[in-house]
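# I would like to see how this sequence folds:
(one chain, ligands or ions: 2)
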Amino acid sequence: SEELLYQSEKLSAVGQLAAGIAHEIRNPLTSLKGFLQLIQMSGEGKQEYFDIMNSEFARIEQILNELLILSKPQTSAKAVCSLNSLLDHIVTLLNTQAIIKNIYIYIEEETEDLRIRCISNQIKQVFMNFIKNAIEAMDNGKITVCLKKEKTFAVVEIIDEGCGIPESMLSRVGEPFFTTKEKGTGLGLMVSYQIIEDHDGDIEVESTEGVGTKFTIRLPLYLEDC
Ligand code: ADP
Ligand code: MG
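Numbering: from 1, shown residues only. Ligands and ions are numbered 1, 2, ... in the order given. Below you'll find the model as predicted:
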């Protein structure tokens, strides 16, 4: 089954709000963590309580970090970058994580350097999210990252051999906080959809339970004016 996800502009305002809130929460959180460490150092209190508090802090930080990706950097101007090298870079970063699980990531580049105009940190994060999800969905096997050109778009397919997404859940994937993982945040895809939309692209998903999942990300090519 196939579904075209998210093309609303409402999401953009929500994303900015989420990033703003995440930013505001970060300072008091840092302060709280400092005081927690002071109490811990003073030797008062039970170690198991500290352990719980520290892991809860880590959880909050994980959520904030995912949302902060949505806040535009100071220099939010988009720059032209090569999607080929961006993908190479991300795959290199994630390869160690994959190999531990006996997963091999293949990049298939059908074409010459495909360039897009983007906030590269955001686009990197998007592909990190998709490939990480693919790794998390598998115990072993192959992930294919396929890059091609379609008219004026760069198309990236991320194909895994993982658990797949049940048809009944397909429409919920990408909803804020929707996760099927014990330690998931359910924010990765929401953030990714938001960023791709901000870059005038779109995302499609096809999945078969027990067989695998394919995410297709389309981004407008940077076309030099001659
Ligand atoms: P998280 O990874 O924290 O759970 P995401 O927003 O990245 O949050 O993903 C939301 C949910 O979508 C996941 O919990 C999982 O159920 C489903 N999902 C996403 N990508 C895949 C995939 N490649 N294979 C199977 N399920 C997936
Ligand atoms: Mg994820």
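# in the protein, what secondary structure element scores lowest on mean pLDDT?
strand 2-5 (a mean of 44; mean pLDDT, DSSP states H and E).
# Please report how far the residue of the chain found nearest ligand 2 lies from residue 37.
Closest residue of the chain to ligand 2, CB to the ion: residue 188 (3.2 Å). Placement of C-beta: from N, CA and C, glycine included. Distance from residue 188 to residue 37, counting by CB to CB, to the nearest Å: 29 Å.
# again with residue 64
From residue 64 to residue 37 the distance is 19 Å (CB to CB).
# Please say which of these two ends up with more neighbours.
Neighbour comparison, residue 64 and residue 37: the larger count goes to residue 64, with 20 against 12 (by other CB atoms under 10 Å).
# beta partners for residue 116?
residue 81 (DSSP bridges).
# my guess is it contacts residue 219, does it?
Yes. Using CB atoms under 8 Å, residue 116 is in contact with residue 219, at 5.0 Å.
# how about the strands of the protein, start to end?
Using DSSP state E, the strands of the chain run over 2-5, 79-82, 103-109, 115-118, 141-150, 153-160, 202-208, 212-220.
# which strands and helices sit next to the fourth one?
Applying 3 or more CB pairs under 8 Å, 6 or more residues apart in numbering; DSSP states H and E, one finds that strand 115-118 makes contact with strand 79-82, strand 212-220.
# nearest to ligand 1, of these?
strand 212-220 (4.1 Å; CB to the nearest ligand atom).
# List the buried residues of that closest one.
Under the neighbour-count criterion of 16 or more other CB atoms under 10 Å, strand 212-220 has 212-219 buried.
# Those residues also near ligand 2: which ones?
With the criterion set as CB under 5 Å from the ion, no member of the buried residues of strand 212-220 is near ligand 2.
# between the residues you listed, which is closest to residue 112?
Closest approach to residue 112 among those (CB to CB): residue 219, at 16.0 Å.
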